[in-house]
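Peer 1: this is the structure alone, sequence omitted:
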């Protein structure tokens, strides 16, 4: 097993779990946030299995959320960390929730932004616009920068964040045969009838007793805001913060507000 990570800072451990999509990495989702949190915590930035420098882990056993959660607990064991806060965006939010369910005593507080698997759309149709654009990326005749750009633009309210540099950077790591193989392995785990129910985290949300901050962008086109209602209703210790003029990347679109909100919430654990 090869799981790439970076760490900085001291104090209570905080693990960042990035979202999915072509070319996603810990740095692509949380690069600007990482040093800010490292001023307050022992910040750990992970490339989840099948992504970035953890791409060698492209043989997913069982459901992806479970596989990634177990990979994370192995990493924490190696680092001598007994308990950690988890910050998860989208796919990473799903990993964080499955981790909390499988390893409740190893989990401190949760910060979840548009988490995958935990939300269930009450009013919005499925698949969502962002999900459809994601599936189209690798569909015949194959990946292209144009298709990647269309997908990335569903992630943000502020379209100027999808720069040519961002498209080039993510396409370079998303279109290789190794990356496509890893993406296929991950996606297959969500569609396999034998494991698909493990991805329906909303069915188990009532078992999450940890203090949880749910963060949503009002204009999220991947996991729409109405998807937060089930988790908010069933998770005993959850609270919800909604950012207006914000999409699926709250940590970047509302950078300063997100950092302040999440840091204050995580520090409340010691209050």
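Peer 2: Great, that's in hand. Note that the structure is predicted; figures quoted are calculated from it, not measured.

Peer 1: all helices of this structure, in order?
Peer 2: Listed in chain order, the helices of the chain (DSSP state H) span 26-30, 33-38, 64-79, 91-102, 129-137, 145-153, 164-174, 177-191, 228-234, 250-253, 255-267.

Peer 1: of the ones you listed, flag the one that's most buried.
Peer 2: Compared across the helices of the chain, helix 91-102 shows the largest average neighbour count, a mean of 27 (mean count of other Cβ atoms under 10 Å). C-beta coordinates here come from the backbone N, C-alpha and C atoms, glycine included.

Peer 1: give the other helices and strands that that one contacts.
Peer 2: strand 13-17, helix 64-79, strand 84-89, strand 107-113 (3 or more Cβ pairs under 8 Å, 6 or more residues apart in numbering; DSSP states H and E).

Peer 1: tell me the mean pLDDT over the last one?
Peer 2: Spelled out, it's strand 107-113. The average pLDDT within strand 107-113 is 98.

Peer 1: name the helices or strands packed onto it?
Peer 2: Short answer (3+ Cβ pairs under 8 Å, 6+ apart): strand 107-113 packs on strand 84-89, helix 91-102, strand 212-217, helix 255-267.

Peer 1: list of residues touching that strand?
Peer 2: With Cβ atoms under 8 Å, 6 or more residues apart in numbering as the test, strand 107-113 has contacts from 12, 83-90, 93, 96-97, 99-100, 118, 208, 210-217, 248-251, 258, 262, 265-266, 268-269.

Peer 1: likewise for the longest one?
Peer 2: For helix 64-79, the external contacting residues (Cβ under 8 Å, 6+ apart) are 1, 3, 5, 7, 13, 15, 17, 44, 46, 48-50, 57, 60-61, 82, 84, 91, 94-95, 97-99, 102-103, 106, 116-117, 186, 189-190, 195, 198-199, 201.

Peer 1: good, wrapping up.
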